[in-house]
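[1] just the structure for this:
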Amino acid sequence: MNTDNRHNPLAAALAQVGRWGIFSGRVARWVFGAPPIVANVLEEAYRIGVQSLFIVCAIAVFIGSTIALQGYYVFREFGGQNLVGIFVALACVREMGPIVAGSMVAAKAGTAMAASIATMRVKGQIDALEVMAVNPYRYLIAPRAIAALIALPLLVVFADFFTVAAAYCVSVYQLGVSSGTFMENVISCTGMSDILFGMVKGVAFALLICLLSCYQGYHSQPGPEGVGRATNRAVVSVCVVCIIVNYLLSELMYG
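    Presented below is the predicted three-dimensional model:
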């Protein structure tokens, strides 16, 4: 029987999961056992959070506007167009806010993590760190992990606000829905628990984005082609896993 993983997709996938688990365990050891330098964490938090803020808010505005339009047209068929605030609250705060923040951070910061670390691997800089007795997990990965855990839940809150604000503007000023009715429906259908659950999703997405992106970069193949493949794999794996985890968390929180 051939034991070569290249000819056994299931074995290859399980091997990748195992290597990623070992990688994640080493990162966790340095995050909790010997926290990285605060300045490095703040620098990464700026890159992940502040530099992603504009794109997250911009996408959130258009997502909220679209949800308001679609909800209004659907409810209008049944004479309940004033209930669009309920649809907006449930869709935006519970689901779209975390998804928008996570997907934009994955597209912007996740690719940057994978490309940066893959480039360092290709140039031999990670090997140089090990030669100088500098642990690459503590120096390169742990600051990104902590920064993502700080930044992404806050970005979820911004995404929640801008999706609902955009939906309010479209519903009230374009579609003629009563302002008081809209806000009453939003407030009655959402609570602090919904915002906190969204931030919990942000924490989960932050871990997945950082660990998957950094893993792909850390294990990049040689050459520019290897860097490109590592970046591409990081984006694809993060998007797929985050969507699956979002469903599982929604089922756990609201099921």
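[2] going forward, measure contacts and count neighbours with C-alpha atoms only.
    Will do.
[3] contacts only, for E44.
    Going by C-alpha atoms under 8 Å, 6 or more residues apart in numbering, E44 touches 143-144, 147-148.
[4] as CSV, those residues with secondary structure, neighbour count and pLDDT would be great.
    Formatted as CSV, those follow (DSSP: H, G, I helix; E, B strand; the rest coil; neighbours: other C-alpha atoms under 10 Å; pLDDT from 0 to 100):
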residue, secondary structure, neighbour count, pLDDT
P143, helix, 26, 89
R144, helix, 29, 90
A147, helix, 23, 91
A148, helix, 30, 92
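[5] packing partners for the helix or strand harbouring F197?
    Here F197, judged by DSSP states H and E, is contained in helix 192-218. Counting contacts by 3 or more C-alpha pairs under 8 Å, 6 or more residues apart in numbering; DSSP states H and E, helix 192-218 packs against helix 9-32, helix 97-105, helix 111-122, helix 142-169, helix 223-254.
[6] report the buried residues of it.
    194-195, 197-218 (16 or more other C-alpha atoms under 10 Å).
[7] contact partners for the residue lying closest to G228 once chain neighbours are set aside?
    Closest residue to G228 apart from its sequence neighbours, by C-alpha to C-alpha, 6 or more residues apart in numbering: A115 at 7.5 Å. Counting by C-alpha under 8 Å, 6+ apart, A115 touches 217, 227-228, 230-231.
[8] and if you look at L212?
    With C-alpha under 8 Å, 6+ apart, L212 has these contacts: 20, 234, 237-238.
[9] which of the residues you listed has the most neighbours?
    A234 (28 neighbours; other C-alpha atoms under 10 Å).
[10] hang on, that residue packs against A114?
    Yes - counting by C-alpha atoms under 8 Å, A234 does reach A114; the two are 6.6 Å apart.
[11] which neighbours do these two share?
    In contact with both A234 and A114: 213, 216-217, using C-alpha under 8 Å, 6+ apart.
[12] between those, which is closest to G97?
    Using C-alpha to C-alpha, S213 comes nearest to G97 of those, at 21.5 Å.
[13] for M132, grab phi and psi.
    When read as degrees, to the nearest 10, the backbone of M132 gives phi -90, psi 10.
[14] what about it, neighbour count?
    M132: 9 neighbours (other C-alpha under 10 Å).
[15] next one: A60
    29.
[16] can you pull the contacts of it?
    97, 100, 159-160, 162-163, 166.
[17] now, among the residues you listed, which is nearest to L10?
    V100 (31.5 Å).
[18] what about that closest one, how many residues close to it?
    Around V100 there are 23 residues (other C-alpha under 10 Å).
[19] going forward, count from 44.
    With the count now opening at 44, the last piece we talked about shows up as V143.
[20] distance check, it against E268.
    29 Å (C-alpha to C-alpha, to the nearest Å).
[21] ok, back up a step: adding pLDDT and distance to E173, write the contacts of A103 out as CSV.
    Below are the contacts of A103 laid out as CSV (pLDDT from 0 to 100; distance: C-alpha to C-alpha, whole Å):
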residue, pLDDT, distance to E173
G140, 90, 40
V143, 91, 37
A202, 94, 40
D203, 92, 42
F205, 94, 44
T206, 93, 45
A209, 93, 49
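[22] okay if I get those as a markdown table plus distance to Y180?
    Converted to a markdown table, those look like this (distance: C-alpha to C-alpha, whole Å):
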| residue | distance to Y180 |
| --- | --- |
| G140 | 31 |
| V143 | 28 |
| A202 | 31 |
| D203 | 33 |
| F205 | 36 |
| T206 | 36 |
| A209 | 41 |
